[in-house]
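Undergrad: Next input, structure requested:
(one chain, ligands or ions: 1)
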Amino acid sequence: MTKKNSLSLKHLVRAVELVYRSSPKWTFINSILTILRGLIPLLLLLVVKQLIDVVDPSNGIDSINNTEILKSLSLVGSFFLLNAISGSVNSLTRERQSHFLKDYIQKLIHSKTVHLPYGYFEDSSYQDLFFRAINEANFRPGKVFYSILGLFQNTITLLVMLSVLTTFNWLLIPVLLGIGIPIIFFRMYYSRKEYELKLEQTEDERRLQYFNRLLVGKDFAKEVRIFNLSKTFSNKYNQVRDEVRNKQWSISKSKTLRESIVQILSTIILLVVFSFIISEAIKGNITNGAMAMYFLALQRSYAVLQELLTRMSSLLEDNLFLKNFFDFQNIEIPAQKNAKGNFPLPLQNGIVFKNVSFKYPNTDRYVFHDLNLSIPAGHTVALVGANGSGKTTIVKLLAGLYKPTNGEILFDKNNLSKIHPSDLAENISIIFQDFMLYNVSAKDNIRFGNMRRPFSMEQITDAAKNAGIHNIFDNLKDGYDTHLGTLFKDSEMLSRGEWQRTALARSFYNDAQVIILDEPTSSLDAYTEANLINHFKEITKKRTAIIVSHRLSTIHLADTIIVLKDGEICENGSYEDLISLKGEFYNMINVYQNPLS
Ligand SMILES: Nc1ncnc2c1ncn2[C@@H]1O[C@H](COP(=O)(O)OP(=O)(O)OP(=O)(O)O)[C@@H](O)[C@H]1O
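TA: As a prediction, the model looks like this:
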C-alpha cells in the first residue's frame, strides 16, 4: 500500500470512538449481535450436513430413522429462523444506533460551526471543506463502525468455513486467498480514484447546489420570474451536472469492466475446485452430506471473502472521507483560547483604532493601511463615504468578526482581541445592512437581541416603540406572539421597512454601551425615518454610537462625522466644520441635495 492509499488507523479509531460515545449501550448490543450472526452460518452448515447424512439412501434404506430426520429438520428450521430473526433484530438495533449517531454528529457540527470565526463563512476554500464534512459526516462514522463489525463477522465466518474446508484439503486456503488479493488491490485503486474525483468536484457540487437553490429557493423566485432566468439557470445547472456525471460515469464504467474480468477468472477457479469435490464424492472418498457441506462451505467462503474485501475497500474510502470530517473538527477556534478579558464597564475614554491595517483573508488588497481613528465614549459618530470605502469593514472589525491584519482596536485600554466574544456581544449592539429576518414570533425577533436579559414584555415593547414597530405588532392577530415571515403557517409577512424596524428593535433591546447602526434607515419611508430620528437621539444620548449612513437626516445626528475615502480618513469634524471646509463631505452633500447638477 502506498502512503496515500494506506488506511489511517487514527481516523478509523476516532470514528469508532465517535460511534461509541454517541451511545455506549447500542454499540455494545450491536457488537454482540454481530458476533452471534457471524457464528450462525457454521451452525447451519453442520445441521444441513447432518440432515443430508440421515436421509442418504446410500447408507441403506433400513438405516433411515424418521425421528432422526425430524430432529435434524427441526434443527435446520430453528437455525434458519434464528438467522432470519437475528437479521431483523440487528437491522432494528442498527437503525436505533444510527439515530443516536446522527444526533451526536449533528451536535458536534453545530457546536463547532457556531464558534468558528466569521471569516470562514466568507472563504470559499472553507466552504469546500464544510460541504464535504457535512455531506459525509452524517453517515460515514456509522458506516465505518458497521464495516468494522461486519469485518469481524466476516472474519469469524470465513475462519470457520476455512477450518471446515481444511478437513477436505488445506490447499483450498491458498486458492481462496489467491482469488482475494488481486481484488483488494483493484478496489483500493478505484477507491482512491473516486475519492480524488470527489475532492476535485467539490466546488462543482456546491455550484450545482447553488444553481438548484436559484431555481427552487424563495429568495430568488422573484427575480427568476421577472428576468425570465429559469432557462439560463437550468442550462447552467445541466452543464455543470453533465460534467460532474460524465467523469463519475467514466470511472464507474472502467471499474465495472475490470471487476467483471476478475470475477470471471475467480468463478473459473471455483468451478475447478467444485469438480474436484464431486470427483472425490464419486470415488466414495467423501459422503454425499460431506460433499454438500463442502459445496456450501466453499460457496459461503467465496461470498464472505467478497464481502470482506468490499468492506476493506469501503473502509479505505471511508477513511479518506473521514479525514475531511476530522479536518473540519480540528479547526482551531482561537478566540476562545485567548479572549478571556472583559469589556470596560463603563466605557470611559472610548474606542481607538491604532495603526490598523486590514485585508480580507485570501485577498491581497488592503482595505485599510495604518488607519487611526478615535471615537470618544458617549459620542455619536457618523461614518460616511462612497461605496466600498470601508465603512462596513470597520463595523465588522468592531464586532470582532474579523481581526486586524496589523495594529489594534482598543476599548479604553482593553484590546478587542482579548475581550471574550460573549462579553463583547453584550456590550455592543449592532444592526447590519443585511439584517436577518427570523421566522419566529414578533416577540422573539426582538428578544434575540439579548437572550441573557431576563424576559420582560415591557422592555420588549419599549424597544418596539423606539423602533416604531409597536403599533404594527400590537395589531397582528396574535399580537407579539404572531409568527413572522412566510415559512410557517399562520405567520404574517412584514414589508422590508417593517423588517428593518424589527431589526432595529432587536438592537435597541440589547441595552448595550455601544450601539452601531449600519444603514439603519435605508428601507424606511420619510415619515418613519423622521419619527425614528427622535428616538435615535434618545437612545444614543447615554451611549457611544456609530452610525453608517448615506442619509443626510441620519448623519445630522452625529457629534462627529468621519469621511472615508479608499480606506483612509479624508475628513473628520462636526457637520458645520465639514461644510465650511468645502471638501469631500461638502461635495457629497451637494450631490445628495442636487443629484442632477
Ligand atoms: N468578504 C469580503 N472579502 C473580500 N473583500 C471584501 C469583503 N467584503 C468587502 N470587501 C471589500 O472591502 C472593501 C470595503 O468594503 P465595505 O463593505 O467595507 O464598503 P462600504 O464602505 O461599507 O460600502 P457600501 O457603502 O457599499 O456599503 C470593498 O472594496 C470590498 O470589495
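Undergrad: Just say helix, strand or coil for residue 439.
TA: Secondary structure state of residue 439, per DSSP: H, G, I helix; E, B strand; the rest coil, is coil.
Undergrad: so who does it touch?
TA: Under the criterion of C-beta atoms under 8 Å, 6 or more residues apart in numbering, the neighbours of residue 439 are 483-488, 491. From N, CA and C alone the C-beta is placed, and that goes for glycine too.
Undergrad: Could you find the lowest-pLDDT member of these?
TA: Within those, residue 487 has the lowest pLDDT, namely 85.
Undergrad: Roughly how far does the residue lying closest to it once chain neighbours are set aside sit from residue 489?
TA: Using C-beta to C-beta, 6 or more residues apart in numbering and skipping the chain neighbours, the partner closest in space to residue 487 is residue 439 (4.2 Å). Look at residue 439 and residue 489: by C-beta to C-beta, to the nearest Å, they are 11 Å apart.
Undergrad: didn't residue 193 look like it was pressed against residue 250?
TA: No. The pair residue 193 / residue 250 is not scored as a contact, 10.3 Å apart, by C-beta atoms under 8 Å.
Undergrad: quick one on the thing from earlier: which member of the contacts of residue 439 is positioned nearest residue 383?
TA: Of all the contacts of residue 439, residue 383 sits closest to residue 484, with 29.9 Å by C-beta to C-beta.
Undergrad: ok, what's across the strand from that closest one?
TA: Under the criterion DSSP bridges, residue 484 forms beta bridges with residue 492.
Undergrad: tell me which helix or strand of this structure sits lowest on mean pLDDT?
TA: Between all helices and strands in the chain, the lowest mean by mean pLDDT, DSSP states H and E belongs to helix 334-338, at a mean of 61.
Undergrad: who's in contact with the residue most central in space within the chain?
TA: Residue closest to the average C-alpha location in the chain (C-alpha atoms, centre = their mean): residue 134, at 3.1 Å. Contact analysis of residue 134 by C-beta under 8 Å, 6+ apart lists residue 109.
Undergrad: buried sites along the helix or strand hosting it?
TA: Assigned by DSSP states H and E, residue 134 belongs to helix 124-137. Neighbour counts over helix 124-137 (16 or more other C-beta atoms under 10 Å) mark 126, 128-137 as buried.
Undergrad: Stretch 299-309 now?
TA: Using 16+ other C-beta under 10 Å as the test for burial, stretch 299-309 gives 300-302, 304-309.
Undergrad: Make a markdown table from the residues you listed and add pLDDT to it.
TA: Listed next are the buried residues of stretch 299-309 as a markdown table, based on pLDDT from 0 to 100:
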| residue | pLDDT |
| --- | --- |
| 300 | 83 |
| 301 | 86 |
| 302 | 84 |
| 304 | 85 |
| 305 | 84 |
| 306 | 82 |
| 307 | 85 |
| 308 | 85 |
| 309 | 82 |
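Undergrad: check those against the ligand, which are close?
TA: Among the buried residues of stretch 299-309, not one lies near the ligand by C-beta under 6 Å from any ligand atom.
Undergrad: Can you tell me which of those residues is nearest the ligand?
TA: Set against the ligand, the nearest of the buried residues of stretch 299-309 by C-beta to the nearest ligand atom is residue 309 (47.7 Å).
Undergrad: Can you classify that closest one as helix, strand or coil?
TA: Secondary structure assignment for residue 309 (three-state DSSP): helix.
Undergrad: want to throw the buried residues of helix 124-137 into TSV with pLDDT and distance to the ligand?
TA: Listed next are the buried residues of helix 124-137 as TSV, based on pLDDT from 0 to 100; distance: C-beta to the nearest ligand atom, whole Å:
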residue	pLDDT	distance to the ligand
126	83	12
128	82	16
129	82	17
130	82	16
131	82	18
132	79	22
133	80	22
134	78	21
135	76	24
136	73	27
137	74	26
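Undergrad: which ones are touching residue 347?
TA: Taking C-beta under 8 Å, 6+ apart as the criterion, residue 347 is in contact with 377, 411-412, 427, 513-514, 544.
Undergrad: how about a cut-off of 7 Å?
TA: 377, 411-412, 513-514, 544 (C-beta atoms under 7 Å, 6 or more residues apart in numbering).
Undergrad: One more: residue 381?
TA: By C-beta under 7 Å, 6+ apart, the contact set of residue 381 is 375, 546, 558, 560, 562.
Undergrad: Roughly how far does the residue lying closest to residue 229 once chain neighbours are set aside sit from residue 566?
TA: In space, and not counting its chain neighbours, residue 229 is closest to residue 223: 6.6 Å by C-beta to C-beta, 6+ apart. Using C-beta to C-beta, residue 223 is found at 31 Å from residue 566.
Undergrad: can you map out the strands along the protein?
TA: In the chain, the segments counted as strands under DSSP state E are 350-359, 366-376, 380-385, 406-411, 414-415, 428-431, 514-518, 544-548, 560-565, 568-573.
Undergrad: what about the residue nearest to residue 229, neighbour count?
TA: Per other C-beta atoms under 10 Å, the neighbour tally for residue 223 reads 11.
Undergrad: What parts of this protein come near the ligand?
TA: So far as C-beta under 6 Å from any ligand atom goes, the chain lies against the ligand at 122, 360, 363, 367, 385, 387-393.
Undergrad: Nearest to residue 330 among those?
TA: Taking C-beta to C-beta as the measure, residue 330 sits nearest to residue 122 out of those, at 20.6 Å.
Undergrad: Could you identify which of the contacts of residue 439 has the most neighbours?
TA: Compared across these, residue 484 has the highest neighbour count, 24 neighbours, by other C-beta under 10 Å.
Undergrad: So that one sits against residue 444, correct?
TA: No. Residue 484 lies out of contact with residue 444 (C-beta atoms under 7 Å); the separation is 9.1 Å.
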